[in-house]
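Visitor: give me a model of this one.
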Amino acid sequence: MRKIKKFKIPVYTYEIARMCRKTGLNLDLTGLGAERDFKEYISLLASTLEPSVVFDYFPPDDEDTAVIGSDSASRNPSTIAILTLGSPFADRTAIEKEDTRRQINITAAISFLQAAVKVISDLSAQEATREGFVFSKPLYIYSKPDLNTRENSKSGSDTYEVPLYRDELLAKLVKRLEAEKIGIFLNDGLITPEYSCVFRLEWLIKQKRK
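Guide: Numbers count the residues shown, from 1 in each chain. Below is the predicted model of the structure:
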């Protein structure tokens, strides 16, 4: 099991603004219509980020991962990760009462989570490449906010899988990956801190070029 605490992620302010406007949020009503004001607000949110992750390799015959995804996927090895943006970010966004700013916070959280997932995916892919494999797109077993929608996925191809007995599976993964070491806990099917996700990267045999 690997653990990385408080790693750095890129902050895509312009992408967050685009996502906000596309969903119909009026930034002017919140006093964040000006580019400088919006950038300062997102920077303030980003200053509370403490992204942390635990992840590990799971062999193709693992009983827990066999219930995730397609039949073919169950025969492939995988990397499974549990990632959080941290308690300070969750606490900061929880105090916001104004509805539009709450929606901005959620949109920012989506962008931050996607960026964090990509950092860990790229890091893990180095090992897979050495073994002659490539990674699939992330398959989300759990995510809050929901990273499943086409709008939330830049490529439109990230997937979300809710396997049968998901809560039971989450409990096993949280225990196996020792997620409490990065402050993650599972209660009644919900992971805390709030802005967290559990995802699988399937190891695929790299196709040789003809």
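Visitor: by mean pLDDT, flag the weakest helix or strand of the protein.
Guide: In the chain, no helix or strand scores lower on mean pLDDT, DSSP states H and E than strand 159-160, which sits at a mean of 52.
Visitor: so which bits of the very next helix or strand once past that strand are buried?
Guide: Following strand 159-160 in sequence order, the next helix or strand is helix 166-176 (DSSP states H and E). Going by neighbour count (16 or more other C-beta atoms under 10 Å), the buried part of helix 166-176 is 166, 169-170, 173-174, 176. All C-beta spots, glycine's among them, are computed from the backbone N, C-alpha and C.
Visitor: direction included, what does whichever helix or strand comes after helix 166-176 pair up with?
Guide: Moving toward the C-terminus from helix 166-176, the next helix or strand (DSSP H and E) is strand 185-187. Strand 185-187 sits in its sheet next to strand 190-192 (antiparallel), going by DSSP bridges.
Visitor: if F135 is in a bridge, with which residues?
Guide: W203.
Visitor: and the one 4 residues further on, by the same measure?
Guide: Partner residues in beta bridges with L139, using DSSP bridges, are T159, R200.
Visitor: give the buried residues for the lengthiest helix in the chain.
Guide: If you go by DSSP state H, the chain has its longest helix at helix 99-130. When burial is assessed from 16+ other C-beta under 10 Å, helix 99-130 yields the following buried residues: 100-101, 103-117, 119-121, 124-125, 128.
Visitor: averaged pLDDT, it. What do you get?
Guide: Helix 99-130 carries an average pLDDT of 93.
Visitor: among the buried residues of helix 166-176, which two are most distant?
Guide: R166 and R176 (15.3 Å; C-beta to C-beta).
Visitor: pLDDT wise, what is S72 at?
Guide: 50.
Visitor: what of F55?
Guide: Listed pLDDT for F55 reads 96.
Visitor: shaky segments in this structure?
Guide: Within the chain, the stretches falling below the threshold (pLDDT under 70) are 69-74, 149-165, 208-210.
Visitor: again, only this time at 80
Guide: 65-75, 148-165, 206-210 (pLDDT under 80).
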